[in-house]
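Student: following is a predicted model, sequence given first.
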Number of protein chains: 2
Amino acid sequence: MTKPLRLGIAGLGTVGTGVVKIVRRHADLLTARTGRKIEITAVSARDRAKDRGVSLRGYGWEDDPVALATRDDVDIFVELMGGPDGPAKAATEAAIAAGKDVVTANKAMLAMHGQALAELAENAGQSIRYEAAVAGGIPVIKALTEGLAGNEITRVMGVMNGTCNYILTRMESSGLPYDDVFREADALGYLEADPNLDVGGIDAGHKLALLSSIAFGTRPDFAGIEIEGIQRVTIDDIRQAADMGYRIKLLGVAQRTARGLEQRMQPCLVPADSPLGQLEGGTNMVVIEGDSIEQVVLRGPGAGEGPTASAVMGDVCDLARGLRLPVFGQPADSLDAAPSAIAGLPAPYYLRMALQDKPGALAKIAAILGDAGVSIDRMRQYGHSESAAPVLIVTHKTTRAALDKALEAMQSTDVMASTPVALRIETV
Amino acid sequence: MTKPLRLGIAGLGTVGTGVVKIVRRHADLLTARTGRKIEITAVSARDRAKDRGVSLRGYGWEDDPVALATRDDVDIFVELMGGPDGPAKAATEAAIAAGKDVVTANKAMLAMHGQALAELAENAGQSIRYEAAVAGGIPVIKALTEGLAGNEITRVMGVMNGTCNYILTRMESSGLPYDDVFREADALGYLEADPNLDVGGIDAGHKLALLSSIAFGTRPDFAGIEIEGIQRVTIDDIRQAADMGYRIKLLGVAQRTARGLEQRMQPCLVPADSPLGQLEGGTNMVVIEGDSIEQVVLRGPGAGEGPTASAVMGDVCDLARGLRLPVFGQPADSLDAAPSAIAGLPAPYYLRMALQDKPGALAKIAAILGDAGVSIDRMRQYGHSESAAPVLIVTHKTTRAALDKALEAMQSTDVMASTPVALRIETV
């Protein structure tokens, strides 16, 4: 048997603890599958005294993750601290410089610094693996990088933030407004310390940046993603969408078009009877479309101790078996810096607005849409308050540019009682 | 750059033609992703003159697949002929003996001879890969062998024969009886030359044998699978199931229990609103459950030129990248010969029978179930012909053994007007 593979784990929160548990519980199984013993040599975390419900006896302890990453008795540095910069990045760089492979769950770090880190690792002949960074336990990085390597990928889509999906499905089932359900999610501990990472679409955006890099052979480009959170989705939108056979999801979509790489993370309407539409609660889903595969849908838990640790261990097992790949599927120095194209592909849109109760208000809006070349599929006025009339419009396929022009023109009229909400209807 | 990887393709039907197309269309993409040129050196098929819609110019031709498999200028023997024995097996063995890796879509060969072939390959230091053998384009072998390697797998389930799923969903949507829809599927070319491979559950059983071997570290054991086809499912069953919130699927289930390995391929009732229940037409789905991952669901096209060729090329790319694994995830000589346990785990069952129109008939049946220890959850008599009364029973959880005892006892009464149908209700 080959010599043991020795892990140094930095960060002993939920995921780190889960990894320790798997290594202890499945020592024999892991050896049977990989042909090697997998051991933990040392760990690092903020608080040495904290009871994590798992024994750390026999493991070395380092207060400094950089010291852990460079220990002679560590083969793989397992980075589970998080954060785009700071200790996570410093320790990752140190590990690579010291000739270690890195397994991480850090989507923010890779979305922001993935290109530089990948070049660093590949020049040093080391691997960085990050299955746990995207869609929790779903082995989607592997499916895209390896299983579907024979395809030209045409589109990648995903619901990849369980908290947002929980909030949106809970709003629908309870009829409660966004603010109430947000507070509920907070009380349940579902939100990040900075909730905007979740509800602002940033966390899901980090994940999309990694998926599109692999899918399209482009440099990870988080800044190129058009991001919109779920904060403006109202219970009214959810009801109106349901009424027309749609559900609202925070959906990430990446597509390569003639004009460049289109990456969007925004609330979208999807058919209620599609796999994406049927997704409830904290579950994640990634849809991959390619020229040969047509469509593959992967669904599973997007977070949590077991599922995320499972993804980390999948990477560890790959390295134990000697499977080594470029970080983003092809060498980092061959990745393309594709220009980002903002929503160039036309789509139908859902528009909701409140109009002043004035004669001719609706006609004005309709005329503005017509002037911008946006044609109307359905339009209805529903309910009515004293001073404002809520109006719902579904357009035919239009570009976002044409729509934005129309929305801007509407804002400069005297008939708008609120800022209009525009949600893309994604064909899935 | 490393030297080119040279393929010899045996079998130029739908899948083989699809592989040729991908290699020709995506030469650059494949090289970017794997770091090597991927070339076809030679091919073999029955009919050299046939127009396959793709040029074979520049490829060598071998009438004999064994000759192809042993050519000096072939690195990977791509076996796409099919059939458990005969030329496919002979050529696969010859390829291994000649130091080639093998990529195959041949579920029958591996389900029947997988253990021997894996030992042969592993002793010779060669790989056999077969992503295309299970669930078409879905990268499920990879997910199970690699992505979820950190899990003790607790259950694997799958709808893996698109033809059966087409027939069952079409019966429900059209209201047509089995025989009519069977003829329709035949006319559409959906059926194998021997339709029993499809509707008898054998093809799907081959796939299940491979999945359970990887999942549980056991030798592939096709003979140990309890197989039942869909031929006896009636439109009545489908309607009654729908009425109770279920759909009927030809579902494969593998579970390791205290008594051994339980493998079933049979029509089951699953909740209509579950991912399995919502699966329509020819699409395949595999559900994998593990101690850390909880549940992952993979969905995609189960057959067809593009999807199956995509799976073949995933394997080819892995080999081009130097990824090498034991055939069933751990060395073949370490696989366990688990005893097969026939449906030991209790489940609720759906029973349909026609009773003679005699006083006390229903009471007799109820008493027999009670005597066998099978308790009744729901029972109803629906409709009524002149001489027979159709009766539907849903039991509480019971073992198949207890149920079989009851069914046998029923048969020896004088009140049965037909052989009862018993379908398991699977918790998903």
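Tutor: That came through fine.
Student: just want the residue of the stretch 251-400 of chain A that's nearest chain B.
Tutor: Closest contact between the stretch 251-400 of chain A and chain B, by CB to the nearest CB, is at A:Met313 (2.6 Å). For glycine as for every other residue, the C-beta is placed from the backbone atoms N, C-alpha and C.
Student: please verify my assumption that that residue contacts B:Glu152.
Tutor: No: checked against CB atoms under 8 Å, the pair A:Met313 and B:Glu152 is beyond contact range at 11.4 Å.
Student: tell me which of those two has more neighbours.
Tutor: More neighbours surround A:Met313 than the other of A:Met313 and B:Glu152, with 30 against 17 (other CB atoms under 10 Å in any protein chain shown).
Student: so who does that one touch?
Tutor: A:Met313 makes contact with A:Val19, A:Ile22, A:Val23, A:Leu30, B:Ala149, B:Gly150, B:Asn151, B:Ser292 under the criterion CB atoms under 8 Å, 6 or more residues apart in numbering or on different chains.
Student: so what's the closest residue to A:Met244 other than its chain neighbours bridging to?
Tutor: Of all residues not flanking A:Met244 in the chain, A:Val394 sits nearest, at 7.0 Å (CB to CB, 6 or more residues apart in numbering or on different chains). Counting by DSSP bridges, A:Val394 is bridged to A:Tyr350, A:Arg378.
Student: for A:Val394, the count of nearby residues, please.
Tutor: Count around A:Val394 with other CB under 10 Å applied: 19.
Student: same check, this time on A:Glu184
Tutor: Residues near A:Glu184, counting by other CB under 10 Å: 16.
Student: any idea how far it lies from chain B?
Tutor: 23 Å (CB to the nearest CB, to the nearest Å).
Student: if I look at that residue, how far off is A:Ser174?
Tutor: The gap separating A:Glu184 from A:Ser174 is 9 Å, by CB to CB, to the nearest Å.
Student: that older thread, show me which of the contacts of A:Met313 are buried.
Tutor: A:Val19, A:Ile22, A:Val23, A:Leu30, B:Ala149, B:Gly150, B:Asn151, B:Ser292 (16 or more other CB atoms under 10 Å in any protein chain shown).
Student: mind listing the helices for the stretch 1-150 of chain A?
Tutor: Here the stretch 1-150 of chain A has its helices, by DSSP state H, counting those that start in this stretch, at A:14-25, A:27-34, A:65-69, A:86-97, A:107-124, A:140-142.
Student: right, and A:Thr154 touches A:Ile293 too?
Tutor: No: using CB under 8 Å, A:Thr154 makes no contact with A:Ile293, being 9.5 Å away.
Student: the two: who's more crowded?
Tutor: A:Ile293 (31 against 16).
Student: what mean pLDDT would you report for stretch A:26-41?
Tutor: The average pLDDT within stretch A:26-41 is 97.
Student: and the angle from the host helix or strand of A:Ala309 to helix A:27-34?
Tutor: For A:Ala309, the host element (DSSP states H and E) is helix A:305-320. Calculated by axes from the mean of the first three to the mean of the last three CA atoms, to 10 degrees, helix A:305-320 forms an angle of 50 degrees with helix A:27-34.
Student: buried residues, helix A:305-320. List them.
Tutor: So helix A:305-320, judged by 16+ other CB under 10 Å, has buried residues A:305-320.
Student: get me the contact residues on the stretch 51-200 of chain A for chain B.
Tutor: Applying CB under 8 Å from any CB of the partner chain, one finds that the stretch 51-200 of chain A approaches chain B through A:131, A:137-139, A:142-143, A:146-152.
Student: biggest separation within the residues you listed, which pair?
Tutor: A:Gly137 and A:Glu152 (27.4 Å; CB to CB).
Student: what is the neighbour count of the residue nearest to A:Val102 when sequence neighbours are not counted?
Tutor: Spatial nearest neighbour of A:Val102, chain neighbours left out: A:Ile128 (4.6 Å); criterion: CB to CB, 6+ apart. A:Ile128 is flanked by 27 other residues according to other CB under 10 Å.
Student: one more: the one 4 residues further on?
Tutor: By the other CB under 10 Å criterion, the neighbourhood of A:Ala132 contains 29 residues.
Student: and the helix or strand encompassing A:Gly300, how far from the chain's centre?
Tutor: Assigned by DSSP H and E, A:Gly300 belongs to strand A:294-301. Its chain's C-alpha centre and that of strand A:294-301 lie 14 Å apart, by CA atoms, centre = their mean, to the nearest Å.
Student: pLDDT on that strand, on average?
Tutor: Strand A:294-301 comes out at a mean pLDDT of 98.
Student: what do you get for stretch A:225-234?
Tutor: pLDDT averaged over stretch A:225-234 gives 95.
Student: so A:Pro271 versus B:Ala332, what's the distance?
Tutor: A:Pro271 is 45 Å from B:Ala332, by CB to CB.
Student: just A:Thr145 next, same as before
Tutor: 27 Å.
Student: got it, and A:Gly306?
Tutor: In terms of CB to CB, A:Gly306 sits 29 Å off from B:Ala332.
Student: could you do A:Ala241 as well?
Tutor: 53 Å.
Student: the more surrounded of the two?
Tutor: A:Ala241 (27 against 23).
Student: look up phi and psi at the more buried one.
Tutor: phi -60, psi -40 (degrees, to the nearest 10).
Student: next, give phi and psi for the residue most central in space within chain A.
Tutor: Nearest to the geometric centre of chain A sits A:Ala204, at 2.7 Å (CA atoms, centre = their mean). Torsion angles at A:Ala204 (phi, psi; degrees, to the nearest 10) stand at phi -70, psi -30.
Student: burial measure for the closest residue in space to it that isn't next to it in sequence, as a count.
Tutor: Spatial nearest neighbour of A:Ala204, chain neighbours left out: A:Asn161 (4.0 Å); criterion: CB to CB, 6+ apart. A:Asn161 has 32 neighbouring residues, counting by other CB under 10 Å.
Student: which residues touch A:Asn161?
Tutor: A:Asn161 touches A:Asp198, A:Gly201, A:Asp203, A:Ala204, A:Lys207, A:Leu250, A:Asn284, A:Gly302, counting by CB under 8 Å, 6+ apart.
Student: same thing but 7 Å
Tutor: When contacts are counted by CB atoms under 7 Å, 6 or more residues apart in numbering or on different chains, A:Asn161 touches A:Asp198, A:Asp203, A:Ala204, A:Leu250.
Student: same question, A:Arg259
Tutor: A:Arg259 touches A:Ala341, A:Gly344, counting by CB under 7 Å, 6+ apart.
Student: ok, now with 10 Å
Tutor: A:Ala338, A:Pro339, A:Ser340, A:Ala341, A:Ile342, A:Gly344, A:Leu345 (CB atoms under 10 Å, 6 or more residues apart in numbering or on different chains).
Student: and those as a markdown table, adding pLDDT, secondary structure and neighbour count?
Tutor: Formatted as a markdown table, the contacts of A:Arg259 follow (pLDDT from 0 to 100; DSSP: H, G, I helix; E, B strand; the rest coil; neighbours: other CB atoms under 10 Å in any protein chain shown):
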| residue | pLDDT | secondary structure | neighbour count |
| --- | --- | --- | --- |
| A:Ala338 | 83 | coil | 21 |
| A:Pro339 | 85 | coil | 11 |
| A:Ser340 | 84 | strand | 17 |
| A:Ala341 | 82 | coil | 18 |
| A:Ile342 | 74 | coil | 16 |
| A:Gly344 | 75 | coil | 14 |
| A:Leu345 | 84 | coil | 18 |
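Student: what's the closest of the residues you listed to A:Gly245?
Tutor: A:Leu345 (22.0 Å).
Student: is it true that that closest one touches A:Lys397?
Tutor: Yes: the pair A:Leu345 / A:Lys397 is scored as a contact, 9.1 Å apart, by CB atoms under 10 Å.
Student: what's the overlap in contacts for these two?
Tutor: A:Thr427.
Student: hang on, isn't the residue nearest to A:Val102 packed against A:Ala116?
Tutor: No: taking contacts as CB under 10 Å, A:Ile128 lies outside contact range of A:Ala116: 11.1 Å.
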